[in-house]
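Next input, structure requested:
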Amino acid sequence: MRKKYTMGLLILCGLMVFLFNGCGKSPAEEVKKIDLSIYEKGDYFISPEELKTLLGTENLVLLDCNNPKLYAKEHIKGAVGIGFHAFSEKVGKPGDPGWGTIKSKEELTKKLISLGIDNEKIVVLYSDLFKGPGADGRAAWQLRLAGMKNVKILHGGSGYWKELGYEMTNDVTVKPTPSTGVTLKDYDRSFMVTKDEIYKNLGKTTLIDVRTKKEFDGSQNAGEPRGGHIKGAKHLLWTDLLNKNGTLKTPKEMEEIMSEMGVSKKDDFTLY
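Sure, this is the predicted structure:
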């Protein structure tokens with residue numbers, strides 16, 4: 001994943017801020033204070049209140065990107081569980097060539113059709129941002145690269161959804177009816193980078209490792225085929241860009257954090 005500051009932040013978490021001014025008010029009143037327009041790409045997100053009005057409508061495809069065990073325990077009503085790697089290649093095991101890379105345009109098209117997705121319905125992805133790798137952000141990033149503008153991330157994830165008092169369920173969701181088709185563009189490669197490109201440019205570009213500090217230092221507990229980090233990479237845990245309830249920090253706060261990484265809005269940099 002490469003390029004501009006704003007996009008990078010969006011990818012990082014599947015990522016999301018707002019101001020609480022409603023001391024003493026109900027959660028439903030507080031959520032109306034969310035102003036995603038303060039972000040350059042605020043339209044990549046949907047507020048919990050907006051999502052609530054769409055539940056049960058035919059115009060919504062709601063995808064849960066949590067671990068399947070967590071999905072089985074509780075999810076937002078009507079959500080289809082797709083796990084961490086629904087749109088990735090999974091031939092072999094982690095570390096094998098190609099494992100975890102994005103599906104081809106043709107394979108992604110088939111997958112989206114099977115989930116009932118077309119170019120008109122609103123596709124909303126979410127996860128519990130503190131119980132997984134932010135797979136909703138990864139999936140939204142990929143679909144946006146494929147030209148889909150009808151894709152959004154739930155601001156604050158399921159954790160914030162619950163904090164607001166909105167319902168979760170363990171009801172079995174009806175299997176999606178395949179759509180009649182979806183049109184994708186070729187991936188926009190200006191927002192990704194290959195391993196070969198990284199290798200050729202070691203020492204010339206800023207690399208930021210957004211995994212846990214343990215992984216950065218060499219842990220392989222998450223299934224990494226090799227421990228450690230890319231030479232020269234800096235460490236920034238992706239959830240450091242979030243508030244404690246999963247909502248995004250303010251643009252100013254993010255700028256300060258990224259500045260400590262030596263990155264400004266004008267810079268290209270790579271996250272992994």
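
Please count neighbours and contacts with C-alpha atoms only from this point.
OK.

Can you give me the pLDDT of the residue positioned nearest the centre of the chain?
Nearest residue to the geometric centre of the chain (Cα atoms, centre = their mean): Gly137, 0.7 Å. Reading off the confidence values, Gly137 has pLDDT 95.

Can you tell me the SS state at it?
Following DSSP: H, G, I helix; E, B strand; the rest coil, we place Gly137 in the helix state.

what separates it from Tyr44, distance-wise?
The gap separating Gly137 from Tyr44 is 10 Å, by Cα to Cα, to the nearest Å.

again with Leu60
Relative to Tyr44, Leu60 is positioned 15 Å away (Cα to Cα).

higher neighbour count, those two?
In this view Leu60 and Tyr44 are compared by other Cα atoms under 10 Å, and Tyr44 has more residues nearby, 24 against 19.

Of all the residues in stretch 143-154, which ones are buried?
Leu143, Arg144, Leu145, Ala146, Gly147, Met148, Lys149, Asn150, Val151, Lys152, Ile153, Leu154 (16 or more other Cα atoms under 10 Å).

surely the fifth one meets Lys185?
Going back to what we said before, that points to Gly147. Yes: taking Cα atoms under 8 Å as the definition, Gly147 is a contact partner of Lys185 at 5.2 Å.

any idea which helix or strand carries Phe216?
Using DSSP states H and E, Phe216 falls within helix 213-217.

Distance from the chain centre to that helix, please.
21 Å (Cα atoms, centre = their mean, to the nearest Å).

go on, stretch 233-245?
Using Cα atoms, centre = their mean, the offset of stretch 233-245 from its chain centre is 13 Å.

so how far is the first residue of that stretch from its last?
First residue to last in stretch 233-245 (Cα to Cα) measures 28 Å.

remind me which residues of this protein are low pLDDT?
In the predicted model of the chain, residues 1-33 satisfy pLDDT under 70.

Strands of that one, start to end?
For the chain, the strands defined by DSSP state E occupy 45-46, 60-64, 80-81, 122-126, 151-154, 206-209, 234-235, 269-271.
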